[in-house]
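Enquirer: Next input, structure requested:
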Amino acid sequence: MAVEIADIRTQVLASAADVDAGRADVRPVLRALGAVGLLADDDGADGGLLPAVRMVRRIAAGSLASAFAVWSQRMVLEYLRCCPPSVDVRALQDLLRSGEVTGATALAPAVVDLAGRGELPLVAEPDGDGWRLSGPISWASNLFDDAVVVTAARAPQEGRVVVLFRLSDPGVDPGPVPELLGLNGTGTRTLALHDVAVPRGCVLTDDLPDFMALCRPAMLLTQAALAVGLADASLAESGAHLTGVNAVLRGDHEDLAGRRDGIVIALEDQASSQSGTGRARLARTRLDAMAVATQAVALETALCGGTGYRAGSTTGRRVREVAFLPVQAPTLAQLRHDAGG
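Expert: Numbers count the residues shown, from 1 in each chain. Alright, predicted model coming up:
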């Protein structure tokens, strides 16, 4: 695996600037990972969570955009692993594992809904033994070609269902591709759903709280890996600039590297054992990872000076990348709430 990841990371680094700017997209990386079996989700009882955490971390050190796409792909596979779909839909898992079809997770509104701070914008109306969906999805990524989208919707009598549909399904209307601060090659856009048919076989569960609790460890630990990978890249770059007057910041660098190492130990322990993965502990792990990434990028910026302030520099790209971390659901505010303040 190490050799394969190293080869793919070279590809990731070579395309990072173009993917960030939207001149290229993330699909070649997903296909490269799929071709060597690195998107597999069935390695042991934990679904291969530790390998996934390590993979996301390594890719994020080269490109947060590519790693974010891997996170989305891996989470859709996790949803299907935790709530196996019908036989008719099961073939989708092979397509997702190969990277030939992209997976989009559109569950940010579910996080808000379960926290009691809003309701799901999608409405599910009964249609035989299935549903018809209508409403907006304000943000989803990996929306390429015939992507598999997993989302939640409100059902009658205060019910909530988690379903999947295809981007090409009748009634799915993709919005224009927005210009983002970064991560422009991630296939991110809005969707409007108009009476989209969801057969019973595409319903993953009608128990949203249990579903989110089941998937939360994989979601938050791989999100933490995104931040740790970004911190890795910043610490490596800033470490090369600790000469001359910059040597006065060596203590800051060593402190951040030590904190990063401690987070990695906690992250990998949670991913491998599934112990200590209560809601508050998971939120704290991701908060700690975001904090060290933010501070590592700030240190890199200070050490690189004017060179790093150029928009086309790798340092400038990481400044844009780190700005995304608190936006990704669960957001910074939601994580602090879950962690107990």
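Enquirer: Tell me which residues of the lengthiest helix in the chain come out buried.
Expert: Using DSSP state H, we find that the single longest helix of the chain is helix 208-239. Across helix 208-239, burial judged by 16 or more other C-beta atoms under 10 Å covers 208, 211-212, 214-235, 237-238. C-beta here means a position set from N, CA and C on the backbone, and glycine is covered the same way.
Enquirer: With just CA atoms, put the following helix or strand past that helix into CSV.
Expert: Past helix 208-239, heading to the C-terminal end, the next element that is a helix or strand (DSSP states H and E) is helix 250-273. Taking C-alpha atoms only, helix 250-273 is exported to CSV below (Å, rounded to 0.1, in the frame of the first residue of the first chain):
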residue,chain,number,x,y,z
ARG,A,250,11.8,27.0,15.9
GLY,A,251,10.1,26.5,19.3
ASP,A,252,6.7,27.3,17.8
HIS,A,253,7.4,24.7,15.1
GLU,A,254,8.4,22.1,17.5
ASP,A,255,5.4,22.7,19.7
LEU,A,256,3.0,22.3,16.7
ALA,A,257,4.8,19.2,15.5
GLY,A,258,4.5,17.7,19.0
ARG,A,259,0.8,18.5,19.2
ARG,A,260,0.2,17.1,15.7
ASP,A,261,1.9,13.9,16.8
GLY,A,262,-0.3,13.6,19.8
ILE,A,263,-3.4,14.1,17.7
VAL,A,264,-2.3,11.4,15.3
ILE,A,265,-1.9,8.9,18.2
ALA,A,266,-5.4,9.6,19.4
LEU,A,267,-6.8,9.6,15.9
GLU,A,268,-5.3,6.3,15.0
ASP,A,269,-6.2,4.7,18.3
GLN,A,270,-9.9,5.7,17.8
ALA,A,271,-9.9,4.5,14.2
SER,A,272,-8.3,1.1,15.0
SER,A,273,-10.2,0.2,18.2
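Enquirer: can you give me the angle helix 250-273 makes with helix 208-239?
Expert: Relative orientation of helix 250-273 with respect to helix 208-239: 150 degrees, computed using axes from the mean of the first three to the mean of the last three C-alpha atoms, to 10 degrees.
Enquirer: Which other helices and strands does helix 250-273 contact?
Expert: Based on contacts counted as 3 or more C-beta pairs under 8 Å, 6 or more residues apart in numbering; DSSP states H and E, the elements that helix 250-273 packs against are helix 49-60, helix 208-239, helix 279-304.
Enquirer: rounded to a whole number, what's the mean pLDDT of that helix?
Expert: Rounded to a whole number, the mean pLDDT of helix 250-273 is 96.
Enquirer: List the buried residues for it?
Expert: Residues of helix 250-273 classed as buried under the neighbour-count rule (16+ other C-beta under 10 Å) are 252-253, 256-257, 259-260, 263-264, 266-268, 270-271.
Enquirer: Show me what it is in contact with.
Expert: Among residues not part of helix 250-273, those counted as contacts by C-beta atoms under 8 Å, 6 or more residues apart in numbering are 46, 49-50, 52-54, 57, 217, 221, 224-225, 228, 231-232, 235, 238-239, 242, 275-277, 281-282, 285, 288-289, 292, 295-296, 299.
Enquirer: Need phi/psi at P121.
Expert: phi -80, psi -20 (degrees, to the nearest 10).
Enquirer: Touching, it and S138? I think so.
Expert: Yes: with contact defined as C-beta atoms under 8 Å, P121 and S138 form a contacting pair (7.3 Å).
Enquirer: if I look at these two, which residues touch both of them?
Expert: Each of P109 lies in contact with both P121 and S138 under the rule C-beta under 8 Å, 6+ apart.
Enquirer: Tell me the bridge partners for V203.
Expert: Legend: beta-bridge partners of V203 under DSSP bridges are V163.
Enquirer: Just to check, it is in contact with D129?
Expert: No: V203 is beyond contact range of D129, at 9.0 Å (criterion: C-beta under 8 Å).
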